[in-house]
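> how would this look folded up:
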Amino acid sequence: MNLDSEKVFLIAQDAFKQTLSDHGIESFGIGPVAVKDSHDWTNFETDKSVKYVIASHDPYFNYTKLTEAYLYLQENNAEFIAPDCDNLFSVSRTRRVPGSLSVQAALSAVLEKKPKIMGKPDPFLFELIQKEHGKLSPDTTVMIGDNYKTDMKFGFNCGISTALVFTGNSKPEHVPSFERKPDFVMEGLGDICDDE
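Sure thing, here's the model as predicted:
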């Protein structure tokens with residue numbers, strides 16, 4: 001990434017923009033945008049310095065952001081990147097809402113290609129952790145998470161132990177259908193503590 005001249009079109013929340021900014025990467029696209037009609041796109045000028053489109057959960061996602069991202073991906077041949085592929089995320093113990101995958105699916109449908117996943121379940125993140133902190137022993141490393149499709153598969157892909165907690169997307173009734181069982185299954189992190 002050429003930080004002096006390349007930009008990121010970001011479909012995400014504020015924290016992403018701050019993280020990129022902290023690393024000297026210019027990005028834009030956060031927050032609400034005005035709705036454009038089909039005539040507005042005729043003369044829309046794409047910023048030729050946009051070389052990456054990051055698609056994540058965005059409460060302001062709409063047709064305007066979809067179209068702008070599509071144009072950068074098509075006309076600039078920008079790289080399509082996703083930090084995760086969560087189809088849902090929990091907003092409470094009883095309610096889940098669409099996650100990052102819903103945004104990525106909209107772009108994938110018109111592009112006919114999937115994004116490069118840079119986070120769970122891809123082992124890329126684990127490789128970065130090991131590069132910064134040294135090799136981690138699979139015998140002493142556990143991936144704890146509440147989403148089988150991302151957290152547990154991340155652990156499987158990295159060759160480390162896995163512990164599934166039922167505080168998010170995955171529920172006890174889902175366990176029998178899992179193609180591979182986690183090493184540990186528990187209601188929540190509190191179950192790790194021994195009261196005795």
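> can you pull the contacts of residue 91?
residue 97 (CB atoms under 8 Å, 6 or more residues apart in numbering). From N, CA and C alone the C-beta is placed, and that goes for glycine too.
> residue 51 - nearest residue in space that isn't next to it in sequence?
residue 6 (4.3 Å; CB to CB, 6 or more residues apart in numbering).
> need the pLDDT of that neighbour.
According to the prediction, residue 6 has pLDDT 93.
> which regions of this structure sit below the pLDDT cut-off?
Flagging of the chain using pLDDT under 70 yields the residue ranges 1-4, 193-196.
> do that again at 80, thanks
Filtered on pLDDT under 80, the chain yields the residue ranges 1-5, 93, 189-196.
> do a quick rundown of the helices in it.
14-22, 38-42, 63-75, 100-111, 124-133, 153-158 (DSSP state H).
> now those in CSV, with distance to residue 182 and mean neighbour count?
As requested, the helices of the chain are arranged in CSV below (distance: least, CB to CB, whole Å; neighbours: other CB atoms under 10 Å):
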stretch, distance to residue 182, mean neighbour count
helix 14-22, 28, 14
helix 38-42, 46, 9
helix 63-75, 35, 18
helix 100-111, 21, 18
helix 124-133, 17, 12
helix 153-158, 7, 21
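> save these as TSV, and put in distance to residue 175 too.
Listed next are these as TSV, based on distance: least, CB to CB, whole Å:
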stretch	distance to residue 175
helix 14-22	32
helix 38-42	47
helix 63-75	36
helix 100-111	22
helix 124-133	24
helix 153-158	14
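> of all the ones you listed, which one is nearest residue 191?
helix 153-158 (17.4 Å; CB to CB).
> can you list contacts of that closest one?
So helix 153-158 is contacted by 120-123, 125-126, 142-143, 145, 161-162, 180, 182 (CB under 8 Å, 6+ apart).
> between those, which sits nearest residue 78?
Nearest to residue 78 among these is residue 122, at 19.4 Å by CB to CB.
> returning to what we had before: out of the helices of the chain, which comes closest to residue 30?
helix 14-22 (4.9 Å).
> just how off-centre is that closest one within its chain?
14 Å (CA atoms, centre = their mean, to the nearest Å).
> mind listing residues that contact it?
If you take CB under 8 Å, 6+ apart as the criterion, helix 14-22 is touched by 8, 10, 26, 27, 30, 31, 54, 56, 83.
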